[in-house]
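Q: build me a model:
(one chain, ligands or ions: 1)
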Amino acid sequence: MTCPYCGQAMTPGTLVFDARCPAFFVADGEKLSLGDRISGKGRVDTRTSFWQGATMSGAYCDACRKLILDTQVHT
Ligand SMILES: [Zn+2]
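A: Numbering: from 1, shown residues only. A predicted model of the protein is given here:
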């Protein structure tokens, strides 16, 4: 994948984090409420496995310090 910011080649890879703590996307000016956590609003889709926890595929640009991830945010 080519970085859309600088045009250099990005390093493909996997973001790995704790499956017990799912990621949420919160837009600027909004807050993550307990209701959102319960309903899953803003939850970022990940793949989960017992051994690896939660993972997301993506690509990283070292020059721009940008990480682009393949996922879906629940609305
Ligand atoms: Zn870049």
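Q: and the longest strand along the chain, what does it pack onto?
A: Using DSSP state E, we find that the single longest strand of the chain is strand 53-61. The helices and strands touching strand 53-61, judged by 3 or more Cβ pairs under 8 Å, 6 or more residues apart in numbering; DSSP states H and E, are strand 11-17, strand 47-49, strand 66-69. To be clear about C-beta, it is placed using only N, CA and C from the backbone, and glycine gets the same treatment.
Q: so the last one, near the ion or not?
A: No - Strand 66-69 is not in contact with the ion by Cβ under 5 Å from the ion; minimum separation 5.7 Å.
Q: how about the contacts made by Ala23?
A: Phe17, Arg43, Val44, Thr46, Ala54 (Cβ atoms under 8 Å, 6 or more residues apart in numbering).
Q: what pLDDT does it get?
A: With respect to pLDDT, Ala23 has a value of 84.
Q: how many other residues sit next to Asp62?
A: 10 (other Cβ atoms under 10 Å).
Q: that one reaches Cys6, doesn't it?
A: No - the pair Asp62 / Cys6 is not scored as a contact, 10.1 Å apart, by Cβ atoms under 8 Å.
Q: follow-up on the earlier one: adjacent strands (with direction) for the longest strand of the chain?
A: Sheet pairing of strand 53-61 (DSSP bridges) gives strand 11-17 (antiparallel), strand 47-49 (antiparallel), strand 66-69 (antiparallel).
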